[in-house]
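In: I would like the atomic coordinates for the input below:
(2 chains)
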Amino acid sequence: MTSTLVIFIVLSLLTLYAAYRVATAHLITHAALFLAGTFAGVAALFFMLQADFLAAVQLLLYAGAVMAVVVFAIMLSQMREAGDHVPRWVDALRSPFFGFLPLISSVALFVILLISYLDTPWPSSATAAAVNSTRYVAVPLFQSYALPFEVASVLLLAALIGAIVLTRREDDR
Amino acid sequence: MGKYLDILVFVIGGIAFPVGVVTLGGSLRRSYPDPAKEASYESGETPFGDARIRFHIGYYIFALIYLVFDVEAVFLYPWAVQYLHLSRGIAFGEIVVFVVMLLIGWFYAWRKKVLSWM
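Out: This is a model prediction of the structure:
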């Protein structure tokens, strides 16, 4: 067994354990902490795939900004423990009668991932290592996909204005 | 993979050092627990209440604006680093449109006074 394989297995197990604890943690603050751990673990796996840019984005956006939003949302809510004041329909979804729904959706997601994994022509590791991974993202993004890139800026503007309208202080209205 | 080995060693060392020092200190010192010693340290103030209080919804906007500008930074980075490999005129125009869009949002946030601390 190579050292790369050992590191991969350890990182995967840590990431999977953190993801499992997100769903099973009793306090939602703990769930948020494990969610940050899951994001960091996924970033480490991206590093192992030599996708530096993707790993940095994963750390900056998910472990950084998305976690900040999640923690703010938790601090704003009255909920302390997972399961406090859950609506009736959420409770119904967790009952044995509907319990198979999450199972079906996760199996379906797994099958989709497996199909796309088998369909993708993977580059050999030698060619992938030769080129800077930021260039793989930048060149198509600013040439073939220029219009989606500009649409993304409009989407960000809409998100910003929507957030301001929704959280504006009462006395400004 | 090899270039990240340094980071891995750094992370392992960074975790092992504080954990090791605290464990070593805990095993060497004698333990005299006392309610005053076990209270959380609040710069000399007596702590009261729960750490989990509800914050005003107005603070949420700071997290959301941070998220939006973080995403913008992620788009700017590959553009700046790979600019010489792009067709320059078009790439410059694209980024100007992108930044102007975000500036409109920033200006709107500024005019609505959401950036002032409450």
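In: can you give me the pLDDT of residue 64?
Out: No chain specified, so I'll use chain A. We have a pLDDT of 89 for A:G64.
In: that's the wrong chain, I wanted chain B
Out: 85.
In: now it: closest residue in space, sequence neighbours ignored.
Out: A:A163 (3.9 Å; C-beta to C-beta, 6 or more residues apart in numbering or on different chains). Every C-beta, even on glycine, is put in place using the N, C-alpha and C of the backbone.
In: need the contact list for the one you found.
Out: B:Y60, B:I61, B:L64, B:I65, B:V68 (C-beta atoms under 8 Å, 6 or more residues apart in numbering or on different chains).
In: do you know how far the second one is from chain A?
Out: Which is B:I61. The gap separating B:I61 from chain A is 4 Å, by C-beta to the nearest C-beta, to the nearest Å.
In: now the last one
Out: The gap separating B:V68 from chain A is 5 Å, by C-beta to the nearest C-beta.
In: that residue reaches A:A158, doesn't it?
Out: No: B:V68 is beyond contact range of A:A158, at 10.0 Å (criterion: C-beta atoms under 8 Å).
In: the two: which is more packed in?
Out: B:V68 (21 against 13; other C-beta atoms under 10 Å in any protein chain shown).
In: and A:P121, which of the three is it?
Out: The three-state label given to A:P121 by DSSP: H, G, I helix; E, B strand; the rest coil is coil.
In: ok, A:A18 - contacts?
Out: Contacts of A:A18 by C-beta under 8 Å, 6+ apart are A:F34, A:L35, A:G37, A:T38, A:G41.
In: secondary structure element holding it?
Out: helix A:3-24 (DSSP states H and E).
In: show the subsequent helix or strand relative to that helix.
Out: Next element after helix A:3-24 (DSSP H and E): helix A:28-48.
In: phi and psi next, for B:P33.
Out: B:P33 has phi and psi values of phi -70, psi 150 when expressed as degrees, to the nearest 10.
In: quick one: it from B:S27, how far?
Out: Distance of B:P33 to B:S27, given as C-beta to C-beta, to the nearest Å: 16 Å.
In: show me where chain B has its helices.
Out: B:5-28, B:35-38, B:60-81, B:88-111 (DSSP state H).
In: for chain A, give me the ranges with low pLDDT.
Out: A:1, A:79-86, A:94, A:124-131, A:169-173 (pLDDT under 70).
In: count of residues packed around A:V111?
Out: For A:V111, using other C-beta under 10 Å, the count is 10.
In: next, the angle helix A:3-24 makes with the host helix or strand of it.
Out: In this assignment (DSSP H and E), A:V111 forms part of helix A:100-119. Going by axes from the mean of the first three to the mean of the last three C-alpha atoms, to 10 degrees, helix A:100-119 is angled at 160 degrees with respect to helix A:3-24.
In: how about residues contacting helix A:100-119?
Out: Outside helix A:100-119, the residues touching it (C-beta under 8 Å, 6+ apart) are A:L93.
In: ditto for stretch B:100-114
Out: Contacts for stretch B:100-114 (C-beta under 8 Å, 6+ apart): A:150, A:153-154, A:156-157, A:160-161, A:164, A:167-168, A:172, B:58, B:61, B:65, B:68-69, B:72, B:115.
In: list the contacts for A:S133?
Out: For A:S133, counting by C-beta under 8 Å, 6+ apart, the contacting residues are A:Q50, A:A51, A:D52, A:F53, A:L54.
In: does chain B have contacts with the helix or strand hosting the fourth one?
Out: It refers to A:F53. Assigned by DSSP H and E, A:F53 falls within helix A:52-57. Yes: judged by C-beta under 8 Å from any C-beta of the partner chain, helix A:52-57 comes into contact with chain B at A:F53, A:V57.
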